[in-house]
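Visitor: 3D, please:
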Amino acid sequence: MLIESEDDIGKEFYDSSVNRSYYAMYHAVTAVLLTDKIERSSHSALIAAFDQFFVKAGKFDKLYSRMLRYGFELRNNNDYLSAPETSENDAKQLLGDSHAFVQKCIEYCKK
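Guide: This next block holds a predicted model:
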């Protein structure tokens, strides 16, 4: 997903890039939660569980919660606002965050 997100930025498809970057994070955090057999059915519940069981427990820094919430907010704006306008800077910021977030999740899951 992140390769496609990078390609979308190159094509100036910033909304699509944000969507792909966020969903890379979403799937990575889903895998992290499953390491403790935690499942959630909504995006907001998934984020809340991540904060409760992994950030507050000190397994992940608060920075990762902020990254995930930023991605969720941008993706929601793109999907639900009538005329979303994601900037190139927003898309690039989220792509960078997504790379770091996914890498951290992979490292955690390997433990």
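Visitor: In contact with the residue most central in space within the chain, which residues?
Guide: Residue closest to the average C-alpha location in the chain (C-alpha atoms, centre = their mean): Met25, at 3.1 Å. Each residue near Met25 by C-beta atoms under 8 Å, 6 or more residues apart in numbering is listed here: Met67, Leu68, Gly71, Asp97, Ser98, Phe101, Val102. Bear in mind the C-beta positions are built from the backbone N, C-alpha and C, glycine included.
Visitor: Skip the chain neighbours and tell me the closest residue to the fourth one.
Guide: For Asp97, ignoring the flanking residues on the chain, the nearest one in space by C-beta to C-beta, 6 or more residues apart in numbering is Met67 at 4.1 Å.
Visitor: now the last one
Guide: Across the structure, with C-beta to C-beta, 6+ apart as the measure, the residue nearest Val102 apart from its sequence neighbours is Ala28 (4.6 Å).
Visitor: Tell me where this protein has strands.
Guide: Under the criterion DSSP state E, the chain carries no strands.
Visitor: how about low-confidence regions in it?
Guide: Residue ranges of the chain with pLDDT under 70: 84.
Visitor: let's see 80
Guide: 81-85 (pLDDT under 80).
Visitor: Would you mind finding the longest helix in it?
Guide: Assignment by DSSP state H gives helix 88-110 as the longest helix of the chain.
Visitor: Report the buried residues of that one.
Guide: 90-95, 97-99, 101-102, 104-105, 108 (16 or more other C-beta atoms under 10 Å).
Visitor: repeat for stretch 40-47
Guide: Buried residues in stretch 40-47, defined by neighbour count with 16+ other C-beta under 10 Å: Leu46, Ile47.
Visitor: Could you list the alpha-carbon positions for it in CSV?
Guide: What follows is stretch 40-47, C-alpha atoms only, in CSV (Å, rounded to 0.1, in the frame of the first residue of the first chain):
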residue,chain,number,x,y,z
ARG,A,40,-12.5,-4.1,17.2
SER,A,41,-15.1,-3.5,14.6
SER,A,42,-14.8,0.3,14.0
HIS,A,43,-11.8,2.5,13.2
SER,A,44,-12.4,4.7,16.3
ALA,A,45,-12.6,1.7,18.5
LEU,A,46,-9.5,0.2,17.1
ILE,A,47,-7.6,3.5,17.7
